[in-house]
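Engineer: Sequence plus predicted model, see below.
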Amino acid sequence: MLFLKLSNDRIFLSSNKGNRMRKGFKIALATILLSSITLMADGYRIEFKKALDSNAEDSYIPDIILPIQWNENYSSSFEYRSGEMVDKRLVEGYANSNNDENIEHKRFKLNALNYRMLSEDASYTFGIGASYEQFDKRQVGYVNSGGGNLNFDNNIKIDTLSLYLKAETIQHYSWLDIKLYGILTPVSNLDVKQDTYLSGIATKHLQASSSESQDISYEVDVDFTSKLNSFADISLAANYRFLPTKYNLDSGSGGVETKIDEITTLLSARILFNFEILSGWMPTIGYSQESVKLKDKSDSSTITLNEDKIYIGVNTRF
């Protein structure tokens, strides 16, 4: 999610996350049908996540992973997520204000080629892939700074294309499986298109577009899965993502370069029930807590947002 900030007639953006389901059940059905072409693949996931503390009317989030195992060593996978979020809040720093947001989000991720090495009690995987993310956002509201209302209608479109490297190891023990996972994104480009209307104490039409390569980002993940009893397994996971972004927008008094460090931490727990719906697929339920911290380098401000989610779907151990 992108977050609007207004300060002294300046408008700029920072980033955050938030989604809601659109056409998710059709996508899930198509994914189940497509799964018939897979060979000996593991790592399936079809889940729907409900944001517990979201103001959106429908905040279900599809999370789908479809892998294809070409042979014992080589595989590929496709990931898809889409959603929409509606949010209402004050503009930061203004008690007399309002900001209504609508954000549509799509993400496509292609793990183009993975190479896996197997040993008796472990596996090691190295891969390369690409991802594409699109945000369509609209913010409508006002700010009253004492001299009257400044009304805004802000429309932003962001497209991000990235290439990444990944490494993964899974260690098997008698009562515990441990997965360590890392992604390094050395190449990415972010395109922004802005169309903003101001009215009230100031009337302006602001338009801007920018395309910039981004700094290196990375993500690490650890997952512990153990048998809870003869009927179910339990999985505990932690994820950390560091994502620096930079872009230019029209502030009303010239272009503004904004640099944001986005730090995301995610803690989750799942229960996988030990009966198969399809080959290797087990029903799962879960819960997660996500925290997003946005550090704006332009004014040294920090915003922290937290969101709790519940999960339901089908999954494999990894």
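Structural biologist: Thanks, I have it. As the structure is a computational prediction, the values presented were derived from the model and not from experiment. Numbering: from 1, shown residues only.
Engineer: Angles on the backbone of residue 202, please.
Structural biologist: The phi/psi pair for residue 202 (degrees, to the nearest 10) reads phi -150, psi 140.
Engineer: gap between it and residue 233?
Structural biologist: Separation of residue 202 from residue 233 (CB to CB, to the nearest Å) stands at 59 Å. Just so you know, the C-beta spots here come from the backbone N, C-alpha and C atoms, and that holds for glycine as well.
Engineer: higher neighbour count, these two?
Structural biologist: A direct count of neighbours by other CB atoms under 10 Å for residue 202 and residue 233 places residue 233 higher, at 18 against 12.
Engineer: Report the beta-bridge partner residues of the more buried one.
Structural biologist: Residue 233 has these beta-bridge partners by DSSP bridges: residue 227, residue 272.
Engineer: same question, residue 142
Structural biologist: Counting by DSSP bridges, residue 142 forms beta bridges with residue 98, residue 151.
Engineer: What of residue 182?
Structural biologist: With DSSP bridges as the rule, residue 182 is bridged to residue 167, residue 220.
Engineer: what about it, distance to residue 174?
Structural biologist: 26 Å.
Engineer: neighbour-wise, which of the two wins?
Structural biologist: For residue 182 and residue 174, the more surrounded residue by other CB under 10 Å is residue 182, and the numbers stand at 14 against 6.
Engineer: What does the pLDDT read for that one?
Structural biologist: Looking at residue 182, its pLDDT is 95.
Engineer: and it, what does it touch?
Structural biologist: For residue 182, the contacting residues are 166, 167, 168, 218, 219, 220, 221, by CB atoms under 8 Å, 6 or more residues apart in numbering.
Engineer: Residue 142: which of these is nearest?
Structural biologist: residue 219 (37.4 Å; CB to CB).
Engineer: can you pick the most crowded of the contacts of residue 182?
Structural biologist: Neighbour-wise, the contacts of residue 182 (other CB under 10 Å) top out at residue 168, 19 neighbours.
Engineer: Distance of that one relative to residue 287?
Structural biologist: For residue 168 relative to residue 287 (CB to CB), the value is 24 Å.
Engineer: Equivalent analysis for residue 269, please.
Structural biologist: Here the criterion is CB to CB. By it, residue 269 lies 6 Å from residue 287.
Engineer: before we move on, what about residue 110?
Structural biologist: Distance from residue 110 to residue 287, by CB to CB: 29 Å.
Engineer: same check, this time on residue 143
Structural biologist: Distance, residue 143 to residue 287, using CB to CB: 37 Å.
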